[in-house]
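Novice: For reference, the sequence and a predicted model appear below.
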Amino acid sequence: MTDAPLILWLRRDLRLMDSPMLAEAARTGRPLIPLFILDPETEALGAAPKWRLGLGIAEFAKTLATVGSQLILRRGGALDVLRDVLAETGANAVWWHRLYDPGSVARDTPVKSALKEQGVEARSFAGHLLFEPWEVETGTGGFYRVYTPFWKSVRDRPVSAPLAAPMSLTAPASWPKSDDLDGWQMGAAMRRGGDVVAAHVHVGESKALARLDHFIGTSVDAYATDRDLPAVDGTSGLSENLAYGEIGPRTIWAAGWRAMQAGAQGAETFLKELVWREFAYHLMHHTPHITHANWKPEWDDFPWQGDNKNAEYWRRGLTGEPFVDAAMREMYVTGRMHNRARMIVASYLTKHLMTHWRVGQDWFAECLVDWDPAANAMGWQWASGSGPDSAPFFRIFNPAIQVEKFDPKAEYRHRFIAELSRTPGPDAMSYFDAVPKSWALDPSRPYPKPLVDLAEGRKLALAAYAGRNS
């Protein structure tokens with residue numbers, strides 16, 4: 001036992017409830033110093049996720065105050081900052097929740113080794129996932145490469161009940177100095193877009209829990225069908241909060257499981273989507289190259305283009321394909337994009353426009369407030385054909401057919417594309433307030449003609465695929 005302070009190194013775990021590290025730390029009775037470090041890895045985040053992280057940090061600081069604690073902010077290399085705070089406070093331990101992306105692993109592994117060599121207790125906890133990626137194995141002891149067998153392997157595994165939030169946290173005798181969050185300018189790269197997106201985010205643990213309750217109470221029963229309709233509020237929206245750990249996956253699982261046991265028709269499909277996230281992390285752990293290179297190396301010679309003029313029209317929501325453009329504009333206005341729409345825009349970019357999936361991956365990493373390193377990488381490779389999917393490249397979504405099927409009344413298109421409406425609504429017009437002024441976009445201009453003929457684009461993509469396999 002010791003009365004020396006314990007440093008809690010916070011990253012993507014901005015919550016009190018179901019925080020294994022926080023719950024165990026509270027039980028020790030030791031003085032606790034919650035610390036968030038703006039290190040180079042965090043500095044490198046895209047504009048929207050970095051801005052949204054800043055909002056989450058500010059909100060969690062308020063939450064910590066309700067249990068008698070504070071959030072200390074420091075900027076610099078993680079190991080240097082931790083050593084400084086250890087020396088300033090007399091702390092002799094650093095705890096954190098594990099992250100699994102290659103950048104975090106490359107940072108955390110040497111930090112843990114260096115602290116242990118210094119005689120400091122360095123301990124990492126589970127908490128970001130339902131299952132640690134190395135805990136789920138095939139019958140032969142390997143990792144899963146296809147989602148459905150992965151789901152069958154975990155669906156009946158016990159998941160621990162979410163932990164209660166601590167009622168109070170012991171404060172140190174004196175607090176170390178802290179940076180001012182405003183000085184970090186986390187939203188600088190968002191420029192004027194931040195004011196637009198701010199109306200659509202749900203920041204913090206209390207809003208995440210309310211979001212879950214609302215979804216379970218109103219939408220989970222119809223989730224299996226409504227989740228494909230972008231004009232319908234049929235999804236939970238919790239990807240935003242999961243990205244920053246404002247809600248734990250076990251909390252979501254428990255609510256979905258209770259709904260399934262109560263007979264909610266869409267609850268199992270909802271649980272499958274949560275496990276899809278687990279599968280993304282499972283793959284990222286076992287094959288970390290998925291984040292930056294073709295998961296299937298035989299795709300390395302596929303004739304995708306790099307960034308190009310048509311890709312820029314795609315980024316700006318000016319392809320002339322309403323489903324694609326509505327989705328891209330939705331991302332600029334709300335910071336998020338409907339999942340059905342993500343598949344359509346990814347297929348269109350990588351197949352009809354024959355542009356490398358990394359171009360799209362990078363743009364999503366810049367623009368999504370719910371950006372997640374594993375989900376973004378796997379989603380783009382799944383759509384492009386280079387990733388872990390049993391359906392090969394020649395599954396090419398036709399955005400014209402898809403939009404008629406999933407937006408039959410054109411509500412989604414009209415919500416976000418001003419040029420298609422005589423009286424555009426606020427979200428359609430907000431797009432022009434959010435985009436860079438240098439784009440010189442004007443809602444009074446005619447809606448653009450399609451960049452490519454869909455049938456011809458499909459034909460060319462299939463020819464490239466056939467040529468690669470000839």
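Specialist: Noted; the coordinates are in hand. Numbering: from 1, shown residues only.

Novice: and R157, which of the three is it?
Specialist: Assigned state for R157: coil (three-state reduction, DSSP: H, G, I helix; E, B strand; the rest coil).

Novice: what's the burial count for T66?
Specialist: Neighbours of T66 under the rule other Cβ atoms under 10 Å: 12. Where you see a C-beta, it was placed from the backbone N, CA and C, and this is true even at glycine.

Novice: care to break this protein down by domain?
Specialist: Structural domains assigned to the chain are 1-127, 129-161+194-286, 297-468, following automatic domain parsing.

Novice: hang on, P388 packs against A377?
Specialist: No. Applying Cβ atoms under 8 Å, one finds P388 not in contact with A377, separated by 10.5 Å.

Novice: Please enumerate the shared neighbours of these two.
Specialist: I290 (Cβ atoms under 8 Å, 6 or more residues apart in numbering).

Novice: what about this structure, any weak spots by pLDDT?
Specialist: Applying pLDDT under 70 to the chain flags residues 1, 390-394, 469-470.

Novice: sorry, back to before: would you turn the domains of the chain into JSON lines with distance to A188?
Specialist: Below are those laid out as JSON lines (distance: least, Cβ to Cβ, whole Å):
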{"stretch": "domain 1-127", "distance to A188": "8"}
{"stretch": "domain 129-161+194-286", "distance to A188": "9"}
{"stretch": "domain 297-468", "distance to A188": "14"}
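
Novice: Between the ones you listed, which one is closest to L181.
Specialist: domain 1-127 (5.8 Å; Cβ to Cβ).

Novice: if we can go back for a sec, closest to K177 out of the domains of the chain?
Specialist: domain 1-127 (8.0 Å).

Novice: What helices and strands are in contact with the host helix or strand of A106?
Specialist: For A106, the element it lies in under DSSP states H and E is helix 102-117. Packing partners of helix 102-117 (3 or more Cβ pairs under 8 Å, 6 or more residues apart in numbering; DSSP states H and E): helix 40-43, helix 78-89, strand 121-125.

Novice: on that earlier part again, for T170, which of the domains of the chain is the nearest?
Specialist: Short answer: domain 1-127, nearest of those by Cβ to Cβ, at 5.1 Å.

Novice: Tell me how far that closest one lies from the chain's centre.
Specialist: Domain 1-127 sits 20 Å away from the centroid of its parent chain (Cα atoms, centre = their mean, to the nearest Å).

Novice: circling back to that earlier point, I'd like to know which of the domains of the chain lies nearest to D179.
Specialist: domain 1-127 (4.2 Å).

Novice: Between the domains of the chain, which one is closest to D180.
Specialist: domain 1-127 (7.6 Å).

Novice: Isn't D179 up against R74?
Specialist: Yes. D179 is within contact range of R74, at 6.0 Å (criterion: Cβ under 8 Å).

Novice: can you give me the end-to-end distance of stretch 297-305?
Specialist: With Cα to Cα, to the nearest Å as the measure, stretch 297-305 spans 17 Å from end to end.

Novice: err, stretch 193-211, not the other one
Specialist: 24 Å.

Novice: so the residue lying closest to A341 once chain neighbours are set aside is in which element?
Specialist: Leaving aside its chain neighbours, A341 sits nearest to A327 (3.5 Å; criterion: Cβ to Cβ, 6 or more residues apart in numbering). Using DSSP H and E, the element containing A327 is helix 322-334.

Novice: Now do that helix: which elements does it pack against?
Specialist: helix 193-197, helix 309-315, helix 339-347, helix 357-367, helix 399-406, helix 411-416, helix 426-434.

Novice: of all those helices, which lies closest to L16?
Specialist: Per Cβ to Cβ, nearest to L16 of the helices and strands packed on helix 322-334: helix 193-197, 25.8 Å.

Novice: buried set for that closest one?
Specialist: Buried residues in helix 193-197, counting neighbours by 16 or more other Cβ atoms under 10 Å, are found at G193, G194, V196, V197.

Novice: and the closest residue to the last one other than its chain neighbours, what is it in contact with?
Specialist: Translated: V197. Excluding the flanking residues, the one nearest V197 by Cβ to Cβ, 6+ apart is G335, at 4.3 Å. When contacts are counted by Cβ under 8 Å, 6+ apart, G335 touches A48, R52, V197, H200, V201, E240, C367, L368, V369, D370.

Novice: from what I can see the third one touches R191, true?
Specialist: No. Contact status for V197 versus R191: not in contact, 11.1 Å apart, counting by Cβ under 8 Å.

Novice: in a helix, that's where I7 is, yeah?
Specialist: No. I7 is assigned strand when assessed by three-state DSSP, not a helix.

Novice: What is the neighbour count of it?
Specialist: Neighbour tally, I7, other Cβ under 10 Å: 27.

Novice: ok, it - contacts?
Specialist: I33, L35, L82, V85, L86, T89, A91, A93, V94, W95.

Novice: Apply 10 Å and report the result again.
Specialist: 25, 32-35, 72, 81-82, 85-86, 89, 91-96, 115, 120-122, 176 (Cβ atoms under 10 Å, 6 or more residues apart in numbering).

Novice: And for N308?
Specialist: Each residue near N308 by Cβ under 10 Å, 6+ apart is listed here: W314, L353, M354, T355, H356, V359.

Novice: what's the distance between it and S168?
Specialist: N308 sits 57 Å away from S168, going by Cβ to Cβ, to the nearest Å.

Novice: Relative to the strand ranked longest in the chain, what are the paired strands and their orientations?
Specialist: Ranked by number of residues, the top strand in the chain under DSSP state E is strand 32-38. Paired neighbours of strand 32-38 in the sheet (DSSP bridges): strand 6-10 (parallel), strand 72-75 (parallel).

Novice: Ok, which of those strands comes nearest S430?
Specialist: With distances scored as Cβ to Cβ, the stretch of the strands paired with strand 32-38 nearest to S430 is strand 72-75 (31.3 Å).
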